[in-house]
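>>> no letters, just coordinates:
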Ligand SMILES: Nc1ncnc2c1ncn2[C@@H]1O[C@H](COP(=O)(O)OP(=O)(O)OP(=O)(O)O)[C@@H](O)[C@H]1O
Ligand SMILES: [Mg+2]
């Protein structure tokens, strides 16, 4: 508007000025036409005055008539342009030379602007006088001023209106965008419950709609991720194996509770990282990937045996850390050792009688057969050793069947008191032979110690325990068999005053072939399988067997069996 206004004002000014010049020129020409004849040979003032007097034009302020030299002949303003004065304005000078010209000048006193136009009056090409017209330009300038004011006002109004409009418009545009920005900031802080009402159908509306869609999708995705993470965390937390993740600097970035439990932190101070490094000998090489794919380490720490599987943690074929899966293989290790020991024991136990048989048989073949008494003695030894082997093999078979649950139990309601009585009467001879006092006490119970059990197997259990008691109690000792109820279980205790079992051997006493004093036990005909078999049988009946003992004082074996509760 300013540019248009300036252009407008300028062209308007130009138009008015040109118009005025044209107008003045026309007037001058008109006047010169009328007055021409009064100039020659000298200007006749009276006639000119009369003529000019009748000539009135609102545009022209003053009319001055000059002679050919520029001296005033007549003027409408005698104060300013007195007759006889000579004018030297540029226009007048120009006119004396025969051409008309004009100029705009400001009055020094009133600041009024005037247009001055001088036109020569000619006769036969000779200047005979000059028409000098002076017109005030204030009207034009006041008109222009008005136009300027109008343009200015219009500009101001337009500015204000546009200001308001653009403010309102920008509000409708920026409002929703600001809201989206605000909600996006909230989202960045983790609050995904952001919804913006969709108010329009335009681009902003679409943006809002898209934003809402984005939030819901983001929320869903995040929920999925956190679900997955939760699952992974639960798995890691509840895993029996320890899992440790290290970053490329070797720092622990994740460790699960199982791993925490397995690692002996105290040994190396509280620094888990150095504990790990020292324990599993983690080196820089493990982080370099490629060929160092999966590495297995087994370390022993006291009683515990730990196995660690190390694998580089890769992202886009770049190693970013190390994953350690730690397993506590103490139990497996022990079982494995037990298995090896068992096989060694079996071989050893079988080889001993075999060696004996072999050497005795060789001696016999080498001539001892001729001597009847020696031959008989040797054959007896061979026979005994063969019996022993048979016993071992039978015991092993029995154990194997118990292990594989292949035994067909003939379970029936059994009176434990009666079974004990039978076993005692069978074994009594051995006790008597060793001068031992064997007693049997039953604490009366209204349920009568009935258990649902296999008679032969139960007899075997009691026989094993009782034979041990007799075997490992010196002559003149005491053996007590007691039958009672304890904690709703039938309790059979066989107590002796024998040699007892050293404390260090107690935990292993139920192991197969385990004997406190191998040579001595073997001399007594023991195989070291009796207690193991007894334990398996009792446990197969839902009971348990406990040994308490003190070396040199005696042993107490308690067998607990579930009773049949009388209806
Ligand atoms: N009452 C006891 N007093 C002292 N030591 C015992 C007693 N009972 C068992 N033991 C110890 O426990 C070991 C294992 O007993 P177990 O009955 O299993 O084997 P065993 O008696 O040697 O041979 P068998 O297979 O002939 O019974 C014995 O060798 C013995 O050292
Ligand atoms: Mg025994």
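Perfect, I can see it now. Nothing here was measured: the structure is a model prediction, and the numbers come from that model. Residues are numbered from 1 along each chain as shown. Ligands and ions are numbered 1, 2, ... in the order given.

>>> could you pull up the contacting residues of residue 91?
The contact partners of residue 91, taken as Cβ atoms under 8 Å, 6 or more residues apart in numbering, are 100, 101, 102, 103, 116, 117, 118, 132. C-betas here are computed from N, CA, C, even on glycine.

>>> for the first one, give me its contacts.
It stands for residue 100. The neighbours of residue 100, taking Cβ under 8 Å, 6+ apart as the test, are 25, 28, 91, 94, 117, 118, 119, 120.

>>> restricted to strands, list these.
Secondary structure assignment by DSSP state E places 117, 118, 119, 120 of the contacts of residue 100 in strands.

>>> burial count for the third one?
Think residue 119. 24 (other Cβ atoms under 10 Å).

>>> show me what contacts it?
For residue 119, the set of contacting residues under the criterion of Cβ under 8 Å, 6+ apart consists of 25, 28, 29, 32, 95, 100, 130, 131, 132, 133.

>>> tell me the bridge partners for it.
As for beta bridges, residue 119 partners with residue 131 under DSSP bridges.

>>> for whichever residue of the stretch 1-150 of the chain sits closest to ligand 1, give its distance to residue 14.
Closest to ligand 1 within the stretch 1-150 of the chain is residue 1: 117.1 Å, counting by Cβ to the nearest ligand atom. Residue 1 is 20 Å from residue 14, where distance means Cβ to Cβ, to the nearest Å.

>>> go on, residue 57?
Look at residue 57 and residue 14: by Cβ to Cβ, they are 22 Å apart.

>>> please say which of those two ends up with more neighbours.
In this comparison of residue 57 against residue 14, neighbours counted by other Cβ under 10 Å, the higher total goes to residue 57 at 14 against 10.

>>> and the helices in the stretch 451-567 of the chain?
With DSSP state H, counting those that start in this stretch as the criterion, the stretch 451-567 of the chain has helices at 455-471, 518-523, 530-540.

>>> the shortest one near ligand 1 at all?
Yes: contact of helix 518-523 with ligand 1 is found when judged by Cβ under 6 Å from any ligand atom, involving residue 521.

>>> residues in contact with that helix: which ones?
352, 515, 528.

>>> hang on, the earlier thing: distance to ligand 2 and pLDDT added to the contacts of residue 91, as a markdown table?
A markdown table is the format used below for these (distance: Cβ to the ion, whole Å; pLDDT from 0 to 100):
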| residue | distance to ligand 2 | pLDDT |
| --- | --- | --- |
| 100 | 158 | 89 |
| 101 | 154 | 91 |
| 102 | 152 | 91 |
| 103 | 150 | 91 |
| 116 | 154 | 92 |
| 117 | 155 | 92 |
| 118 | 159 | 92 |
| 132 | 161 | 91 |
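
>>> near ligand 2, which residues of the stretch 351-500 of the chain are found?
residue 468 (Cβ under 5 Å from the ion).

>>> one more: the chain?
Listed as neighbours of ligand 2 in the chain under the rule Cβ under 5 Å from the ion: 468, 530.

>>> again, only this time at 8 Å
Residues of the chain that fall close to ligand 2, judged by Cβ under 8 Å from the ion: 464, 465, 467, 468, 471, 526, 527, 528, 529, 530, 531.

>>> do you know how far the nearest residue to the first one once chain neighbours are set aside is from residue 134?
I take that to be residue 464. Setting aside the residues directly before and after it, residue 464 is nearest to residue 530 in space (Cβ to Cβ, 6 or more residues apart in numbering), at 4.1 Å. Per Cβ to Cβ, residue 530 is found 154 Å from residue 134.

>>> and what of residue 20?
Going from residue 20 to residue 134 by Cβ to Cβ gives 11 Å.

>>> now the common contact residues for those two.
With Cβ under 8 Å, 6+ apart as the test, residue 20 and residue 134 both reach residue 115.
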